[in-house]
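>>> need a structure here:
(2 chains)
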Number of protein chains: 2
Amino acid sequence: MSDAPASGGPGTLYCVPTPIASDRAPDADLAPAAIALVARLDYVIAESAKTARAVLKRFPLERPIQAIEIVELSEHTRDDAIGPMLAPLRAGRSAALMSEAGCPGVADPGARLVLAAHAAGVPVVPIVGPSALLLALMGSGLNGQRFAFAGYLPTAADERRQRLRELEQRSRRDDETILFIETPYRNQPMFDALLASLAPSTWLCVAADLTGAQQSLQTRRVADWRRAPQVLAKVPTVFLLLGR
Amino acid sequence: MSDAPASGGPGTLYCVPTPIASDRAPDADLAPAAIALVARLDYVIAESAKTARAVLKRFPLERPIQAIEIVELSEHTRDDAIGPMLAPLRAGRSAALMSEAGCPGVADPGARLVLAAHAAGVPVVPIVGPSALLLALMGSGLNGQRFAFAGYLPTAADERRQRLRELEQRSRRDDETILFIETPYRNQPMFDALLASLAPSTWLCVAADLTGAQQSLQTRRVADWRRAPQVLAKVPTVFLLLGR
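From the prediction side, this is the model:
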């Protein structure tokens, strides 16, 4: 079994980020040592086995992909399935926890397994890789000394407006950059709501398709966005605001 | 000049993460394409020229390091120095913005230049690389659907206790993971304050020397940490709490 320590101790749970842009090879974003590490594991826990298999096929695997055990862990997975998932790790086998895209456990299921690993004394090792949130923050020019990720916002217009105003107030008060995401087909209504709801002096960054072919990253004050109306592509997008 | 577009348009500002563990080579964390990109640039903006030079020497540079222009941008840099720093980019030259360690602009100076680049129409491209915050969150098993980075906390005992309680309350109310950092020589007093101030049922993760030789990452409830007192190493550490 790969990576089984000679001592008979537990295996390691590696948190492995996957590409965030469609059709991007893992080695475009991961260091060679991370690629080699994943290539030798025979146990993978992923949100969807189908997506995991498609990603794994692009690694220089040390064994046929059929020989890699892939177990699914999604938001629908019951809590009592976590223990059995962890059992091989307790017995000395190492595993990769992989997200659908980006970092496992960050805006993504997977954290439950990691927490259970800590409780079981299974070492957890996060691997450096792509995160749309981090890339967006880095490239936004907005405050990276204080920031918060608010997840998805409400979709109903009234609630969304209310939530945006709360977030803008908190951001202004604490000088805190607020990040949130939206499903791609709702990018345009979200953007329109942002321009309608936020103060003209508030900073707004739209970071779309990061690391992808349609990558676009722009920060402007709301007043300036209003002067240059945009049609947003239906691609994964991170929105960032800094209240002013 | 490297990367000057044929059209005569502006250059690109690349936000390039650097190793977060001491003595770690850039290619241990960055993808080959990112290494090659940095290797061909001749203009670097960094917090400290000395550190930047030490990091750059580990890249397969296309020119002697003396031929790379390195300009410093720190918290002490005056606002009126940003324009001249950006001028070469406006004129078509590309540059790397590099942090002392980790991601430029995230818990780190540099954001001012990025914001100015957006205003000047200079494209900004963030590069995938190491962030202690992101690695700690991924490996913590705590909530990655909602989280906030609070920067440094007050050092005076009373203020720190007060701030910790505020953060714990907010975390509990919003189910939001709170991340913060401390200078290494204050890790132990911070940890002791956490155990003394937080509720027994609150989750606490201590993520030390991520990607480094002394890497350690553990999440427990405060009650469990109290039963197993720790001596924290004086290495870069991220603390995460999730109020319960």
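>>> CA only for contacts and neighbour counts going forward, please
OK.
>>> The spatially closest residue to A:Asp27 that is not a sequence neighbour: what's it in contact with?
Sequence neighbours aside, B:Ala31 is the residue nearest to A:Asp27 in space, at 6.3 Å (criterion: Cα to Cα, 6 or more residues apart in numbering or on different chains). Shown in contact with B:Ala31 (Cα atoms under 8 Å, 6 or more residues apart in numbering or on different chains): A:27-32, B:128.
>>> For burial, what's the neighbour tally of the closest residue to A:Arg221 other than its chain neighbours?
Excluding the flanking residues, the one nearest A:Arg221 by Cα to Cα, 6+ apart is A:Trp203, at 4.3 Å. Counted with other Cα atoms under 10 Å in any protein chain shown, the neighbours of A:Trp203 add up to 25.
>>> Look up phi and psi at the residue lying closest to A:Ala120 once chain neighbours are set aside.
In space, and not counting its chain neighbours, A:Ala120 is closest to A:Arg90: 7.3 Å by Cα to Cα, 6+ apart. Dihedral pair for A:Arg90: phi -60, psi -30, per degrees, to the nearest 10.
>>> hang on, A:Arg90 packs against A:Val122?
Yes. Counting by Cα atoms under 8 Å, A:Arg90 does reach A:Val122; the two are 6.4 Å apart.
>>> Find residues that contact each of those two.
With Cα under 8 Å, 6+ apart, A:Arg90 and A:Val122 have common neighbours A:10-11.
>>> check contacts around the residue nearest to A:Ala120.
A:9-11, A:120, A:122.
>>> which SS state does A:Ile181 fall under?
Three-state assignment for A:Ile181 (DSSP: H, G, I helix; E, B strand; the rest coil): strand.
>>> so what's it bridging to?
A:Tyr152, A:Val238 (DSSP bridges).
>>> Tell me the spacing between it and A:Leu195.
As judged by Cα to Cα, to the nearest Å, A:Ile181 and A:Leu195 stand 16 Å apart.
>>> Identify the single longest helix in chain A, thanks.
helix A:157-174 (DSSP state H).
>>> what ranges of chain A fall below the confidence cut-off?
A:1-7 (pLDDT under 70).
>>> Where do the strands of it begin and end?
Taking DSSP state E as the test, the strands found in chain A are A:13-16, A:43-46, A:69-72, A:95-98, A:124-126, A:147-152, A:177-182, A:203-208, A:216-221, A:237-242.
>>> For those strands, give me TSV that also has distance to B:Gly141.
Shown next, in TSV, are these (distance: least, Cα to Cα, whole Å):
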stretch	distance to B:Gly141
strand A:13-16	10
strand A:43-46	14
strand A:69-72	17
strand A:95-98	12
strand A:124-126	9
strand A:147-152	16
strand A:177-182	20
strand A:203-208	26
strand A:216-221	30
strand A:237-242	23
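>>> Please identify which of the ones you listed is closest to B:Lys57.
Within those, the stretch nearest B:Lys57 is strand A:124-126; the backing value is 26.6 Å (Cα to Cα).
>>> So the closest one, near chain B or not?
Yes. For strand A:124-126, a contact with chain B is found by Cα under 8 Å from any Cα of the partner chain, at A:124-126.
>>> in the sheet, who's paired with the residue nearest to A:Arg221?
Residues in beta-bridge contact with A:Trp203 (DSSP bridges): A:Arg221, A:Leu242.
>>> Contacts only, for it.
Contacts of A:Trp203 (Cα under 8 Å, 6+ apart): A:142, A:219-222, A:241-244.
>>> now, among those residues, which is nearest to A:Ser94?
Using Cα to Cα, these come closest to A:Ser94 at A:Leu142, 38.7 Å.
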